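Peer 1: could you work out the structure for the sequence below:
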Amino acid sequence: MARHGGERAGDVERGASFEGDQAVSTGSQGPATDGWRMRRRWLLLGGAAAAGSLALGSCIAVKEGASAGYAAPEAAPLALPPTGADAVRTAWVFSSGGPRGFVHIGVLKGLAALGLQPDLVVGSSVGALAGTLCAAGLDAARLEDLALSVQPWDLLRLNLSGPGWLSGAGMAELVREALGGRRLQDLPVPMACAALRLDDGEVVAFTRCDAGLAVQASTAIVGRLAPVPIRGARYADPDLHLPLPLRLASRLGATRVLAVDASAHEDRAPLEAAAYRDADLRKRELTRPDARLADVLLHPDTGYRAGWTRDYRARLIALGEEAVHAQAEALRELHAGPRRIAGAGRWVADGGGEQRPA
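Peer 2: Predicted coordinates for the structure are as follows:
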């Protein structure tokens, strides 16, 4: 498929997807807790961006959809190493998590220091952003520089079409610039960006064409940022359906998985956060089925509160590195040895860096 040219909008070619009873519809969420949860994510991810953009006059009005010169993303099969008796495909799976996703950058720094590489990367929401930059081959120093320098208003634009007055078009621009315009299928490591198709509640994995728009779709918070139209359908953040997309990685061909969970530690919630508890517990229930399937699970203890300050970002990056180094032996074995059977001899790293059998 050519990088440039007029791709006609149509149905998405289905590669890997996740659909079923465990995919929770946003319409089934409780109105009170959902309102609190959405408000919290908005304050963390969007409120500062809106205020900053208006104050600085830096918001650019845009129309949604694929930018000129970029073909719309596709959900298509991946080209992975052939399977065989001794073949393994190691996937790194990065979760959603809003600002807590800065911990992904620390994990990537730690993995780079160990000299480890994946065969496939899969991400949801902020995990799709971190994963795409990783799959593109950006070194650890550049990843950290981007994480510490980006501002919320860099990621948002005024939306002139469709629902929502703010879009994440700035996110797409950041990704395209960081990747030098490369498409998803051109990256050194195969990448899949999970996104929720709003028309039918299915989570799909974008694996081809415009990486920027794929990441924008994966990070478009439902109800707060404009959904992203792609090939005749509307896409948004899959956080309320598949926050840790490990099953997508398996369907795409992964035989062993390192999963990084950037969700809140709900047991660390202060008393004044009681209104969020139902939403936190629901998020844990959505995460648990995939977390159990991971060969190695990292859930760094980022505490409960999240933010955007430089100090907060630096602290989470350091926590991500620490989580990797605490599990260096298990991670080296995961990448070097045969796949362990899920539930038998698999190792999980908890928030305190302690290793325990699953």
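Peer 1: quick one: end-to-end length of stretch 268-285, please.
Peer 2: End-to-end distance for stretch 268-285: 17 Å, by Cα to Cα, to the nearest Å.
Peer 1: for it, what is the average pLDDT?
Peer 2: Here stretch 268-285 scores 78 as its mean pLDDT.
Peer 1: pull out the buried residues from it.
Peer 2: Buried residues in stretch 268-285, counted by 16 or more other Cβ atoms under 10 Å: A269, A273, Y276, D278, A279, D280, R282, K283, R284. Any C-beta I mention is one placed from the backbone N, CA and C, and that applies to glycine too.
Peer 1: specify the local secondary structure of A195.
Peer 2: Secondary structure state of A195, per DSSP: H, G, I helix; E, B strand; the rest coil, is strand.
Peer 1: one more: the one 5 residues further on?
Peer 2: Under the three-state scheme (three-state DSSP), the conformation of D200 reads as coil.
Peer 1: try the one 4 residues further on
Peer 2: Here V204 is recorded as strand under three-state DSSP.
Peer 1: report the central residue of this structure.
Peer 2: G127 (2.1 Å; Cα atoms, centre = their mean).
Peer 1: how about the contacts made by it?
Peer 2: Shown in contact with G127 (Cβ atoms under 8 Å, 6 or more residues apart in numbering): V93, F94, S95, S96, G97, G101, H104, P245, V260, A262.
Peer 1: so the helix or strand where it lies versus strand 202-206, what angle?
Peer 2: Using DSSP states H and E, G127 sits in helix 126-135. Using axes from the mean of the first three to the mean of the last three Cα atoms, to 10 degrees, one finds that helix 126-135 and strand 202-206 are set 20 degrees apart in direction.
Peer 1: looking at the buried residues of stretch 268-285, which are in helices?
Peer 2: D278, A279, D280, R282, K283, R284 (DSSP state H).
Peer 1: and the strands in the protein, which stretches?
Peer 2: 17-18, 61-62, 90-94, 120-124, 157-159, 166-167, 191-197, 202-206, 228-230, 233-236, 256-260, 296-298, 347-349, 355-357 (DSSP state E).
Peer 1: would you list these in JSON lines and tack on mean pLDDT and distance to R315?
Peer 2: As requested, the strands of the chain are arranged in JSON lines below (pLDDT from 0 to 100; distance: least, Cβ to Cβ, whole Å):
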{"stretch": "strand 17-18", "mean pLDDT": "48", "distance to R315": "33"}
{"stretch": "strand 61-62", "mean pLDDT": "38", "distance to R315": "33"}
{"stretch": "strand 90-94", "mean pLDDT": "97", "distance to R315": "19"}
{"stretch": "strand 120-124", "mean pLDDT": "97", "distance to R315": "22"}
{"stretch": "strand 157-159", "mean pLDDT": "92", "distance to R315": "29"}
{"stretch": "strand 166-167", "mean pLDDT": "94", "distance to R315": "28"}
{"stretch": "strand 191-197", "mean pLDDT": "97", "distance to R315": "27"}
{"stretch": "strand 202-206", "mean pLDDT": "96", "distance to R315": "31"}
{"stretch": "strand 228-230", "mean pLDDT": "96", "distance to R315": "31"}
{"stretch": "strand 233-236", "mean pLDDT": "96", "distance to R315": "29"}
{"stretch": "strand 256-260", "mean pLDDT": "97", "distance to R315": "17"}
{"stretch": "strand 296-298", "mean pLDDT": "98", "distance to R315": "16"}
{"stretch": "strand 347-349", "mean pLDDT": "33", "distance to R315": "19"}
{"stretch": "strand 355-357", "mean pLDDT": "35", "distance to R315": "23"}
